[in-house]
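# This is the structure alone, sequence omitted:
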């Protein structure tokens with residue numbers, strides 16, 4: 001049991017961060033507003049969770065302008081995808 005638990009990543013214990021990674025792993029990128037609508041969270045709440053994942057090295061972002069309006073796109077890093085996959089596999093093992 002301890003072997004399985006070591007693969008759980010604290011970065012994904014929060015349901016919003018788990019949702020962010022779930023969405024980014026299956027999409028090349030998503031913009032801030034799409035993530036906000038998908039997860040039904042406030043701007044501030046989403047921003048703090050995105051920053052946490054960014055600090056962990058699990059996501060990165062790119063800022064650009066669309067029709068003179070700022071648009072931030074987020075994507076999962078290779079390290080983030082590996083960590084998330086490991087976390088999900090650990091959960092699957094716990095359920096067996």
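Received the coordinates, thanks. Please read these numbers as outputs of a predicted model, since none were measured by experiment. Numbering: from 1, shown residues only.

# C-alpha from now on. contacts and neighbour counts both.
OK.

# where's residue 96 relative to residue 89, distance?
As judged by C-alpha to C-alpha, to the nearest Å, residue 96 and residue 89 stand 11 Å apart.

# Just list what the helix ranked longest in the chain packs against, helices and strands only.
Counting by DSSP state H, the longest helix found in the chain is helix 78-95. In terms of contacts (3 or more C-alpha pairs under 8 Å, 6 or more residues apart in numbering; DSSP states H and E), helix 78-95 is packed against helix 2-5, helix 15-25.

# Please list all residues in contact with the residue most central in space within the chain.
Nearest to the geometric centre of the chain sits residue 21, at 2.7 Å (C-alpha atoms, centre = their mean). The neighbourhood of residue 21, defined by C-alpha atoms under 8 Å, 6 or more residues apart in numbering, consists of 76, 80, 81, 84.

# Same check on residue 77?
57, 58, 59, 60.
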